[in-house]
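Participant: compute the structure for the input listed below.
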Amino acid sequence: MSKIQTLRGFATINYWADDMEAAKAWYSELLGIAPYFERLGPGGQLAYAEFRLGDYQHELGLINRRFAPTQATAGPGGVIMYWHVDDVKATLNKLKEMGAEEYEPLTHRGEAGFITASVTDPFGNVLGIMYNPHYLEMLNTIIKG
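Facilitator: Predicted coordinates for the structure are as follows:
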């Protein structure tokens, strides 16, 4: 087995949207920041908007659905990428108040303190949220050096 890890960390997650301006506004409100990067496509319409967020400045990209791979489905898929949040219940409530629909209810995952939930955003993407004690442990290790 190789000592070099193939998957080294989360880089970018992309969500598709038919209405890019609405998606950009919705995610800007949710995140409390504007995208740091935008690209216009043919016809001068917004094709891509990217946010950097969180402790590691991970990238969340919004892409006009017309640029989706031909195999991409229009509805939620089988994969959920979870963002760490400090309060899953409060974040889930905020997301639902903003028009997201519950995809997976608030779920306590065993005795270790993991809590998850997910929603479908108004644009058809699954957005997972999680309280993850290991995430906080790793962050503490990095901060303390």
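
Participant: which secondary element of this protein has the worst mean pLDDT?
Facilitator: Across the helices and strands of the chain, mean confidence by mean pLDDT, DSSP states H and E is lowest for helix 133-144: a mean of 88.

Participant: helices or strands up against that one?
Facilitator: Helices and strands touching helix 133-144, by 3 or more Cβ pairs under 8 Å, 6 or more residues apart in numbering; DSSP states H and E: there are none. (Each C-beta comes from the backbone N, C-alpha and C, glycine too.)

Participant: which strands and helices lie in contact with the helix or strand where residue 128 lies?
Facilitator: Element membership for residue 128 (DSSP states H and E) is strand 126-131. For strand 126-131, the packing partners by 3+ Cβ pairs under 8 Å, 6+ apart come out as strand 82-84, helix 88-97, strand 114-120.

Participant: hmm, who's touching the first one?
Facilitator: Taking contacts as Cβ atoms under 8 Å, 6 or more residues apart in numbering, the residues outside strand 82-84 that touch it are 54, 116, 118, 127-132, 135-136.

Participant: what subset of these is buried?
Facilitator: Neighbour counting by 16 or more other Cβ atoms under 10 Å classes 54, 116, 118, 127-132, 135 among those as buried.

Participant: make a markdown table out of the residues you listed and add distance to residue 144.
Facilitator: Shown next, in a markdown table, are the buried ones among the contacts of strand 82-84 (distance: Cβ to Cβ, whole Å):
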| residue | distance to residue 144 |
| --- | --- |
| 54 | 19 |
| 116 | 27 |
| 118 | 31 |
| 127 | 31 |
| 128 | 28 |
| 129 | 26 |
| 130 | 23 |
| 131 | 21 |
| 132 | 18 |
| 135 | 15 |
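
Participant: which one among those gets closest to residue 103?
Facilitator: Taking Cβ to Cβ as the measure, residue 103 sits nearest to residue 118 out of the buried ones among the contacts of strand 82-84, at 4.4 Å.
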